[in-house]
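Peer 1: Need the 3D shape of this:
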Amino acid sequence: MPSRKARFNPETFLAKAGLGRTILELPKKHIVFSQGDAGDAVFYIQQGKVKLTVVSERGKEATTAVLTDGDFLGEECITAGQPVRMATAAAIIPCSVLRIERKQMLQALHEEHAFSDVFVAYLLARNIRVQEDLVDQLFNSSEKRLAEVGSPMPFKAILTRS
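Peer 2: Below is the predicted model of the structure:
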């Protein structure tokens with residue numbers, strides 16, 4: 001009797017190094033990638049906090065997100081239309097980050113439905129948070145916004161809900 005393919009587990013995929021996946025231990029202030037770099041990998045924060053910043057053509061810097069355990073960053077590289085990084089990612093505190101090569105990420109998304117389902121759920125949850133933040137920026141005072149600081153739902157929470 002032929003052996004059956006082992007069931008794919010997204011949590012295991014994101015917890016271990018393997019083909020096209022490397023675990024990086026990053027010190028505080030380490031640059032994961034810089035604005036303008038080639039987008040060749042997606043990163044998954046196993047532990048720690050990473051800040052995303054952008055710099056305008058006039059040199060003004062803005063923080064666009066603070067990501068933590070269970071969040072992805074650099075996922076825009078999996079689209080054909082985004083060859084370079086739009087932001088700089090830097091560790092705020094020491095981090096353990098899984099680097100997933102673009103090719104391996106695309107393969108997992110195409111072949112492993114359990115992984116693509118939870119990844120899409122993560123992206124949608126993050127998109128909702130970005131929209132909420134935009135509405136908040138447009139309609140609320142800066143004092144009120146500072147009092148209501150929150151973060152997007154981490155991927156780990158989505159994994160456990162599905």
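Peer 1: Could you pull out the buried residues of stretch 73-80?
Peer 2: With burial defined by 16 or more other Cβ atoms under 10 Å, the residues of stretch 73-80 counted as buried are Leu73, Gly74, Glu75, Cys77, Ile78. Just so you know, the C-beta spots here come from the backbone N, C-alpha and C atoms, and that holds for glycine as well.
Peer 1: from these, which ones fall inside strands?
Peer 2: Taking DSSP state E as the definition of strands, these contribute Leu73.
Peer 1: Just the closest of the buried residues of stretch 73-80 to Ala62, please.
Peer 2: Of all the buried residues of stretch 73-80, Ala62 sits closest to Leu73, with 16.2 Å by Cβ to Cβ.
Peer 1: Quick check: the closest one touching Phe43?
Peer 2: Yes: between Leu73 and Phe43 there is a contact under Cβ atoms under 8 Å: 4.9 Å.
Peer 1: which residues are common contacts for these two?
Peer 2: Residues touching both Leu73 and Phe43 by Cβ atoms under 8 Å, 6 or more residues apart in numbering: Val32, Val50, Ala89.
Peer 1: of the residues you listed, buried ones?
Peer 2: Buried, going by 16+ other Cβ under 10 Å: Val32, Val50, Ala89, out of the shared contacts of Leu73 and Phe43.
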